[in-house]
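Undergrad: Dropping the sequence and predicted coords here.
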Protein chains: 2
Amino acid sequence: MDHPRRIALLGGGQLGRMFIENALRYNVPVDVLDPDPLCPCAQLATRFTQGKFNDRDTVLRFAAEADVVGIEIEHVSTDALEELEQQGKTVIPSPVVLRTIQDKGLQKEFYVRHGIPTAPFALINDAPDMAGHPGLLPAFLKTRTGGYDGKGVMPVDADSRVPGGFTGPFVLEKKIAVDKELAVIAVRGADGTTVAYEPVEMVFDPALNLVDTLLAPARCSEKVAAAARKLAMRVAEAFGAPGIYAVEMFLDRQGELLVNETAPRAHNSGHFTIEACASSQYDQLLRAYMGWPVGDVRMHGAAAMVNLVGDGGTGEPLLAGVRETLGRAGTFIHLYGKHETRNGRKMGHVTVVAPAPEEVDRAVAVVKTHAKVVPAAKPEKQTAK
Amino acid sequence: MDHPRRIALLGGGQLGRMFIENALRYNVPVDVLDPDPLCPCAQLATRFTQGKFNDRDTVLRFAAEADVVGIEIEHVSTDALEELEQQGKTVIPSPVVLRTIQDKGLQKEFYVRHGIPTAPFALINDAPDMAGHPGLLPAFLKTRTGGYDGKGVMPVDADSRVPGGFTGPFVLEKKIAVDKELAVIAVRGADGTTVAYEPVEMVFDPALNLVDTLLAPARCSEKVAAAARKLAMRVAEAFGAPGIYAVEMFLDRQGELLVNETAPRAHNSGHFTIEACASSQYDQLLRAYMGWPVGDVRMHGAAAMVNLVGDGGTGEPLLAGVRETLGRAGTFIHLYGKHETRNGRKMGHVTVVAPAPEEVDRAVAVVKTHAKVVPAAKPEKQTAK
């Protein structure tokens, strides 16, 4: 390359794995730090280091030779990232952005300060402080830091008893009458160019509080879609630093869009871009890391993504229904290489791309009927590693 | 997977590397055998074995634990493949097919036997035997076995002196007045379903006798395109075994299609399918190996592939012009991870995908102007590995 660069990635999960799958095309070296030596990236990293990505000294040592430092999870040592940035390395996301996003309270205040619509809220220290904000109830009580994948969030009303282990400080956020949950991946290039993919519609599994199916583009009006993309680009421009921003938003019953939260990294809601778009979210991230121009966000057709979560207990993972799934045109399987399946654990996903939404829906029905990650019946040696 | 299978691949070049890049998505283990420990697959294989893929015993040992055996180069031990097939393993391509294709004389006779149009020819043992076939001259004299990438082929007429090292037996093939050189990748699934991608048009660099640029679809009439796809499917059906078949053909000045030769493996002429089609040729090959249904061959737009061949001497490879190349929408770089660039060596390629052929042409012009693989100026440590 005219600018050879070594990338150091904090976190070795599936997002990192899909990032590396794309980076291999360009032959860019990617080192990975993760506490789990069996994590999805362990075998694919140019160099794999076992260690804690939230430990300052570990991160500093790990990234010493890198030109670029990236993350695939927010719970990393921001202190280390700041120091690495001061050393002259490219750090994406910017530690300033990450500090804001790591604290849901700071994040909400950021939206307000930048005129970005978001649900009404108050910052409170303890659950009893809810009483001082009757106008926000019913609401969601969210721990300001450390929440993930629905953890650290609980619905509350005036009579709620908050369990002892659920400790503040909190964001108390008014419950919105939601029509749809949307997400838009916005991309900010190294040169400041900002683009956005089509909005996607998230369909949640109520039992697991995980995205079950994701429809791309969202089944909404052109007007709402354009407004959602514009809003996501405003968020990326407000943060102002290169990288990708997965902006989750609510479309309320009045047709207004409200930003829920932003992840400054590759995101589950952007997996569909691998097969359904010209450049994937992982390709965009690589381009941002390398200082290259932003990629093409155009879609090839209608698409959907179905999460494959563990079902039927713990054990070596086995994917049932491969033949039925791949028997539909434009259907693709991703398995993340996790060594153990557990109920509700994200083990992979299926992407469907087809010319028409109706065709996508028919394929999704087939996938949801047949594709299941279950524990292998016998304790035989697993060939997939 | 419901049918976990371990794949053993003979050959560790760029075709194998792009195959593995796709197989990683499905978490399918791929072992690789190659004599060069620095080959493009060495770092990506689940297990890499250094050894000769044309040595029977080496191949038998290497593939002992595999369920499927594949190739990414034709010059492998067919004896070993036959034995592995008898052991009950899935071997793709079938050794019968490979024996036919390895010998250009048998291959030509195969086409004639199956009514597949091909240029007139004679099988001769020595160069002086050309005199017995004046009606075929001017012609190409091709060594029946061992030729590759234009090696083992020379143009001849009645007065030609054939160099001493150029030894028979030969195919003497009448020189055709060629309008275009086309190629079609046909796919035969494990269940016998046969499909074909759009034909591509190969533009050769006359100096290197390598494909320089490839246009997909070929710039020909719908009628010719349909006939080319049908012809490639006939070839795949005649061979009758699962796998992918890269069928190179001539469109002559009378508008007739003549099969030149077939490669029973992933092929340079199918690289464009990675970004330009729903399922790539590598995805199709994986599906054939695993016994899964064939993938979707539809294209996302017009496309082109530009080979990146080494230029300016020998040394550590450096790709110049990355920013200019990626600055065009829908442009993608592949670098194969070779450790040394040499004049004319295939080091990577660029794919362009755009809604209209004119847009593709403009991007190709930019790529050809800027993207160059050259030796690094200084003997500094290369970060790309």
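TA: Cool, the structure landed. Residues are numbered from 1 along each chain as shown, chains lettered A, B, ... in the order given.
Undergrad: Count the neighbours of whichever residue of the stretch 51-200 of chain A sits closest to chain B for me.
TA: Nearest to chain B in the stretch 51-200 of chain A, going by Cβ to the nearest Cβ, is residue A:67, at a distance of 7.8 Å. In this view, the C-beta of every residue, glycine as well, is placed from N, C-alpha and C. Using other Cβ atoms under 10 Å in any protein chain shown, residue A:67 has 19 neighbouring residues.
Undergrad: Run a quick neighbour tally on residue A:77.
TA: Residues lying near residue A:77 (other Cβ under 10 Å) number 20.
Undergrad: Which secondary structure state does the closest residue to residue A:361 other than its chain neighbours sit in?
TA: In space, and not counting its chain neighbours, residue A:361 is closest to residue A:304: 7.7 Å by Cβ to Cβ, 6 or more residues apart in numbering or on different chains. With DSSP: H, G, I helix; E, B strand; the rest coil as the basis, residue A:304 sits in strand.
Undergrad: With adjacent residues omitted, what lies nearest to the residue of the stretch 51-200 of chain A closest to chain B?
TA: Excluding its sequence neighbours, the residue lying closest to residue A:67 (Cβ to Cβ, 6+ apart) is residue A:5, at 4.0 Å.
Undergrad: Can you give me every residue that contacts the one you found?
TA: Shown in contact with residue A:5 (Cβ atoms under 8 Å, 6 or more residues apart in numbering or on different chains): A:28, A:67, A:68, A:90, A:289, A:290, A:291, B:383.
Undergrad: The residue of the stretch 51-200 of chain A closest to chain B is in contact with residue A:30, isn't it?
TA: No: the criterion here is Cβ atoms under 8 Å, and residue A:67 misses it with residue A:30 at 11.5 Å.
Undergrad: overlap in contacts of these two?
TA: Residues touching both residue A:67 and residue A:30 by Cβ under 8 Å, 6+ apart: residue A:7.
Undergrad: Could you confirm whether stretch A:42-55 reaches chain B?
TA: Yes: Stretch A:42-55 reaches chain B (Cβ under 8 Å from any Cβ of the partner chain) through A:43, A:44, A:46.
Undergrad: Make CSV out of these and add secondary structure.
TA: Formatted as CSV, these follow (three-state DSSP):
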residue, secondary structure
A:43, coil
A:44, coil
A:46, coil
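Undergrad: now, which of those sits nearest residue A:267?
TA: Distance to residue A:267 across the residues of stretch A:42-55 next to chain B (Cβ to Cβ) is lowest for residue A:44, with 19.7 Å.
Undergrad: so what's that closest one up against?
TA: Contacts of residue A:44 by Cβ under 8 Å, 6+ apart are A:17, A:20, A:21, A:24, A:30, A:32, B:24, B:44.
Undergrad: tell me the contacts of the closest residue to the third one other than its chain neighbours?
TA: Beyond its immediate neighbours in the sequence, the residue positioned closest to residue A:21 (Cβ to Cβ, 6+ apart) is residue B:24, lying 5.3 Å away. If you count contacts by Cβ under 8 Å, 6+ apart, residue B:24 has them with A:17, A:21, A:44, B:44.
Undergrad: which one of those sits closest to residue B:228?
TA: residue A:21 (32.3 Å).
Undergrad: Tell me the first helix or strand C-terminal of the one helix or strand that closest one maps to.
TA: Assigned by DSSP states H and E, residue A:21 belongs to helix A:14-26. Later in the chain than helix A:14-26, the nearest helix or strand by DSSP H and E is strand A:30-34.
Undergrad: what are the pairing partners of that following strand, and which direction each?
TA: Sheet pairing of strand A:30-34 (DSSP bridges) gives strand A:7-10 (parallel), strand A:48-50 (parallel).
Undergrad: who does the helix or strand following the last one touch, helix- and strand-wise?
TA: Read that as strand A:48-50. Sequence-wise, the next helix or strand downstream of strand A:48-50 (DSSP H and E) is helix A:56-62. When contacts are defined as 3 or more Cβ pairs under 8 Å, 6 or more residues apart in numbering or on different chains; DSSP states H and E, helix A:56-62 packs onto strand A:7-10, strand A:30-34, helix A:78-86.
Undergrad: okay, those in CSV with mean neighbour count next?
TA: As requested, those are exported to CSV (neighbours: other Cβ atoms under 10 Å in any protein chain shown):
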stretch, mean neighbour count
strand A:7-10, 28
strand A:30-34, 25
helix A:78-86, 19
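Undergrad: now the ones you listed in TSV, with mean pLDDT?
TA: Formatted as TSV, the helices and strands packed on helix A:56-62 follow (pLDDT from 0 to 100):
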stretch	mean pLDDT
strand A:7-10	98
strand A:30-34	98
helix A:78-86	98
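Undergrad: Looking at those, which is nearest to residue B:334?
TA: Comparing those by their distance to residue B:334 (Cβ to Cβ), the top pick is strand A:30-34, with 16.1 Å.
Undergrad: Distance check, the residue nearest to residue A:21 against residue B:73.
TA: According to Cβ to Cβ, to the nearest Å, residue B:24 stands 21 Å off from residue B:73.
Undergrad: what's the answer for residue A:120, then?
TA: Residue A:120 is 65 Å from residue B:73, by Cβ to Cβ.
Undergrad: Check residue A:182 too.
TA: Relative to residue B:73, and taking Cβ to Cβ, residue A:182 is found at 48 Å.
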